[in-house]
Every structure is written in C-alpha cells, then in structure tokens.
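[1] Dropping a prediction and its sequence here:
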Amino acid sequence: MRISICFAVFIATAASATTVSAEEIRDTLVVTASRIPVPLSASGSSVTVIDREQIDARQSVFAVDLLQDVPGVAVSRSGSIGAQTQVRIRGAEANQVLVLIDGIEVNDPAGNDEFAFQDLTTWDVERIEVVRGPQSALWGSDALAGVINVITRQPTDEFSAAGFAEGGAFDTYSVGGRVSGEVLGARTGLSLSRVNSNGSNSSRSGDEDDGYQNTTGSLTLAGSPTDNLELDLVGRYTSTSKDFDASDFSTSLPADSTETTDVDLGYFRTGGTLKLMEERWTQSLQAAWTTTDTENANAFGDNGSTGADKYGIYYQTSWQFTPRIADAPGDSVTLALLHEQQDFTQRGDVLTFPGPAPGDPPQVFDPNQNQDQRTTAAVLEAIYSPLPRSSVSLSARYDNNSDYDDVATYRATTAWTTASTRTRLHASYGTGQKAPTFVERFGFFPDTFTGNPDLEPETSKGWEAGLDQPLFEGRVSLGATYFHEDLKNEINGFVFDPGTGGFTADNLQGESQRRGVEITALARLTGGLRLAGSYTYLDATEPDALTGDDKGEVRRPRHVATVNGDWRFFDNRADVNLNLSYVGDRTDVFFGPPNFDRATVNLDSYYLASVAVSYRATEQVRVYARVENLLDQNYEDVYGYNTPGLGAYAGLGWSF
C-alpha cells in the first residue's frame, strides 16, 4: 500500500511538470552496442549511459560507485578503499565482462582477465556505456556477458584548464588537474590525478588500517591533417599501492598483516580514421598495447610478481547505405579484422618440499614461467531498418586461437518504436565464448592454487526481450527487460587438488543458468528535480561439482534496487543528490579449519545511502561536499572482509 501511494505521487508530480524531456536520452548515440555508433533507441541490447552530469552530481571518485547502480550489475569489494573489486553483469563472472577505455581493451591477462575496477577514477571520465547480454560476436571472448566502455574527456582546440582538491574520512585526499588546447596543430589534452587514503581495517579483528595510493595520468593527441582524415594517440598510466590483510591460517579469515601490492597499468592506442564518399565509407586502422605489472610483498620481502602485455592491431571498414536518423541507424555493413597477442609472466621463489613418502624425490614448486597466446579474428555486422523507427542487426565473428579450436559466435538484435505511443520494443539473441585465462591454466601460488592447462572454453547462449514506455510527453520513462542465459563448461576455480593440497580449476559438467528481470524508471520533473530508479531480480545457478544438482552461484544477490534523486535550483547553481541502494542476501564460500572443506556461508542484505551537495559560487568555482555510507552500515561483499563505514568529504573545483 505504501509503495502504491508513493508511485501515485510520483506519476502525479510528473503529469503536472512543465519541463521535458526523458525522450532526449533515447536519441543519444552509443558506440558500444554495435561496431558503429547507433541511436540508443535503435539498440536491441540493453544499454545504460552514465554521463558527466551524473558523475558530477554523485561526486564519485571511483567509477565503480556509479556502476553499482546500473540495472543487472553487482559489485563485490574485498575490503577497504582500493581493495580488489569485481563487477558482474547479470550473474556472470567478472572476467566475462569486457572493459574498454577509449576503445582499448583493458582486461588484465595476468589478473584472471578481470579489470581492476578499484583503480579506475572518474576525474577524466566523460561517460560510461554499459551494454548487457552476450557481445562476443562483436567484441570477442571477454564480452560473453557484456561490455563496459569508459570514454574520457576529449581535447578541444580552445585552451581550457580545470582542477579539484578534496579531503575527508579515513585521512583521504584527492587532487587533480587537466589542461586542453591546441599544440603544434594537434588538439592536446593532459590529465593527472592523485588519491591517497589511510583506508579502513578490512579484517574483522585488529585495528590496522589498509592504506591506498593511486596516481593516474593520461595524454590525448588528435588532429586532422585533411578534412576526411583524423589521427589520434591516447596514453593512460596508473600506478597504485595498496595494503591488504592476508588470511590467517588458524581461522582462514583475514587478519591484520603487512601485505602490500604495487600495480602499474599502462594503456596505449594510436591510429587513424578515414571518411570518404560524403562520409558514407569509413575506414579505421588502430594499434593498441596494454601492459600490467603486479608486485607483491610481505613482512619477509618480495612475495612474487605477475605481468602481462597485450598487443593488437585492428582494421575496420563500414559502408552506410542510408543515413542515420533518430530511432533508426540506417542501413550499413561493417567488416572488422584484428590480430592480438597476449604474453603472461610470473616470477617467484622456487620452493622445495620433502616427498610424500620416505624415499620419494622432493617436490619442487617453481612459479617462474612465460606463456603466450595469439588470436586472429574477423567480424561482420549488418544493420538494416526495414520499417520506420526500426532496426535489425546481424553479427558474426570467427576467432582463430593459437591454443584452442576455431570458434564462431553470432548475435541478432531488433528494436522498434511505435509511432503513436512511442513504445520501444527490443530483443536480442547471442552466443558467447570465453577462453580459459592464463591464471586458470598456468597460475601458480604455492599451497593455494595450481592451474589446469587442460581446461575447455566456456560457451553460452543468451537472449533478452523488453520494452520502454515514455509517459507524459516523454517526461517519464518506464522500462522492463527479461533476460536468460545458459552457460556450458563453466570454470570452477575452487576445486580441491589432492595432489598439491591446494586448489585448481576445472570445467563443470552440465549447464549454468542465469535469468532475471530488470525494471527501470526515470522522470524529469518540475523545478529541476530528476528521479531515477531500478530493480533487478536475478536467479543464477550452477551444477554442483559433486552431486550435479543446481545450486545458487556465490556473490550474486537475488534482489538489487536503487533510487536516485537529484534536485537543481538557484538557476542550476546548486545541486542536491540523494542515492539509496539495496543489496539482497547472497552466499559465499569459506574454507575453514581444521579440514578446510568448502562450506557455503550467508552474506546479509544491506542498504547504502549517500548524499552529495554542491554550489557553483562563480562560473569558475564550485564547492561541494558528500557523505558516503550515510547509514553507517556494517556489511560484507566478500566473506570476512569489512568495508568502509560512514565517511564525509568536502572539496573545491575550478575551471577556466
């Protein structure tokens, strides 16, 4: 009854509003849902766009704080600020989500093909696109469950500069600066930011805080030597250092320790785009390099390292038969060819233990290794508008991998907007494939994990169908989408290996299923008030390795909901943003003493609230403040790891 009354008030307020328009969002061009830009309304896949206006309103220093409010997305943090953070889409594993930064694939081959979301700051981010559902036919192995594309601020011809400084809880400070302008005929942008925090205690016991430092810099050069040729060069470098609490052998729970991890991440891309025939024929050639280096240390000194390099060269050509208009992408054909190479290294001390029985030779554990893998692929996508306000896309990709059999993946999508009610219907079907990671195949951590080189790739089939309905002349938009995915050969990384006494990885027999519903609501109301909300229901199961029966997958909340309200007043000079999210009960795994058998444990549900206020004192100066975890919730995303409590921050931003 209370929910019904609130909804009625919400609709009544929208009906009396005099401002518009949620409809503008539907005509936004997105660059991730297809190989070429298409209107958001023409995408058959579910897409969420986070723009700079939302980033500023939330004042989020880390992008993951924004992603956790996206429908279908679940976030798991392993402790304090900067601790390992996993992002899952629709119940998939974190390494089944491809992450792009300015078109560069940044999943870490040495980090189990996951992206280090805990290290992605928002200072130079312009927008984030989140595409949900199988996208392997467009973007390859890592995109089995979806794609998150981070697009940074682009330089302009005119000179501009901006900066910020803030401080607050956990002895945290953040600073950043950015300049942009023309240098020697090239649009040039340079950005630098720093986050430093003493952090909070990640373990349940003790009082040692786990600190974190992050320095991120980026450089973008872009120029047009001719009217139809665009050249650019993009570089981004992040260096982080973080403390973490290792597991105590007597409890198997995190305990205060002096463990540290230093990580260097580099992403680089250069290339050009040529447009001919009145921009109907577009060709691009790009080269990219991603490099990561992770150094671990404990009280006794260095404790091993991992590193990876990924090189790629990408060619794409597309022909636009008919022009793109609102609600329709036009007719086009796109062909992409690519070649990638991944190199993986691991370094550590060689360990020798006595044989299992008297007289047996000693057991030697040597983590030092070099591995590599190469992939050559071709992608074909056709987009067709058979009717006004409609779109159909067909995509196919063929991958030749140096270590596995060749694989073909497919995707089909459709979207249609009715003329009278502006109802948008959309649907998609796709297949996916995820190759085992270097860590799953060759990773080696003594007494903990040994890789399995005989793993088979994971494969999936998934579909979705939904609708979006604008109301009150576009001031309100409601949406609902059902999704379903079947996954075969799911890789379980927690299989006990009696030969080593640790764990290894293996393919599960049978199918894992992930299905659910995403519901969204958005309203732009009178007086500068914007309300948005979403709810996700997820049922994710996998076959039990021992019995074959279906069981729930860990760290997948069945219910997630979020509500955000943003109010702008004083001629848009002042802003108040309130965000409330709910994460339902989840399960996790725990290997406790004395036998360290696998046990399923429960993680309680929790609410997170934050409030952010800002005021633009002049056209150049903005003051702001926020409170995170306003309810001071004590919660765990990963069993045994505490997360930060209530924290208040204040800062100053300027631009000219």
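    Received the coordinates, thanks. In this text the structure is predicted, and so the values were computed from the model without any measurement.

[2] How about the contacts made by D309?
    With Cβ atoms under 8 Å, 6 or more residues apart in numbering as the criterion, the residues that contact D309 are 289-292, 342-343. In this view, the C-beta of every residue, glycine as well, is placed from N, C-alpha and C.

[3] Is it inside a helix or a strand, and which specific one?
    Assessed by DSSP states H and E, D309 sits inside strand 301-320.

[4] Could you list the buried residues of that strand?
    Buried residues in strand 301-320, counting neighbours by 16 or more other Cβ atoms under 10 Å, are found at 303-310, 312, 314, 316, 318, 320.

[5] on that earlier part again, okay, the contacts of D309 in TSV with neighbour count and distance to A169 next?
    As requested, those are exported to TSV (neighbours: other Cβ atoms under 10 Å; distance: Cβ to Cβ, whole Å):
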residue	neighbour count	distance to A169
W289	15	37
T290	24	33
T291	18	33
T292	23	30
Q342	21	39
D343	18	40
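
[6] Just send those back as a markdown table, with distance to T417 and pLDDT too.
    Shown next, in a markdown table, are the contacts of D309 (distance: Cβ to Cβ, whole Å; pLDDT from 0 to 100):
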| residue | distance to T417 | pLDDT |
| --- | --- | --- |
| W289 | 41 | 98 |
| T290 | 38 | 98 |
| T291 | 44 | 98 |
| T292 | 43 | 97 |
| Q342 | 41 | 97 |
| D343 | 46 | 97 |
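
[7] Which of the residues you listed fall within helices?
    When helices are assigned by DSSP state H, not one member of the contacts of D309 lies inside them.

[8] Pull out the buried residues from the strand or helix carrying K461.
    Assigned by DSSP H and E, K461 belongs to strand 458-471. Across strand 458-471, burial judged by 16+ other Cβ under 10 Å covers 458-466, 468, 470-471.

[9] Neighbouring strands - and their directions - for it?
    The pairing partners recorded for strand 458-471 under DSSP bridges are strand 424-434 (antiparallel), strand 476-488 (antiparallel).

[10] Out of these, which is the most enclosed?
    Burial of the strands paired with strand 458-471 is given as mean neighbour count (mean count of other Cβ atoms under 10 Å); strand 424-434 ranks first at a mean of 23.

[11] so what's the nearest residue in space to D124 that is not next to it in sequence up against?
    Nearest residue to D124, sequence neighbours excluded (Cβ to Cβ, 6 or more residues apart in numbering): S191, at 4.1 Å. Taking Cβ under 8 Å, 6+ apart, we find S191 in contact with 123-124, 152-153, 176-178, 216-219.

[12] Are we agreed that S191 is in a strand?
    Yes. When DSSP: H, G, I helix; E, B strand; the rest coil is applied, S191 is found to be in a strand.

[13] I'd like to know how far it sits from G217.
    Separation of S191 from G217 (Cβ to Cβ, to the nearest Å) stands at 7 Å.

[14] Kindly list the main-chain dihedrals of D56?
    As for D56, its main-chain torsions (degrees, to the nearest 10) stand at phi -70, psi -40.

[15] burial count for the nearest residue to it once chain neighbours are set aside?
    Counting by Cβ to Cβ, 6+ apart, S614 is the residue found nearest to D56 once chain neighbours are left out, at 7.5 Å. Applying other Cβ atoms under 10 Å, we find 20 other residues in the vicinity of S614.

[16] Run through the bridge partners of S614.
    S614 has these beta-bridge partners by DSSP bridges: D575, Y624.

[17] Report the contact partners of it.
    When the contact criterion is Cβ under 8 Å, 6+ apart, the partners of S614 are 56-57, 59, 574-575, 622-625.

[18] that older thread, in the sheet, which strands lie alongside the strand holding D309, parallel or antiparallel?
    strand 281-298 (antiparallel), strand 332-347 (antiparallel).
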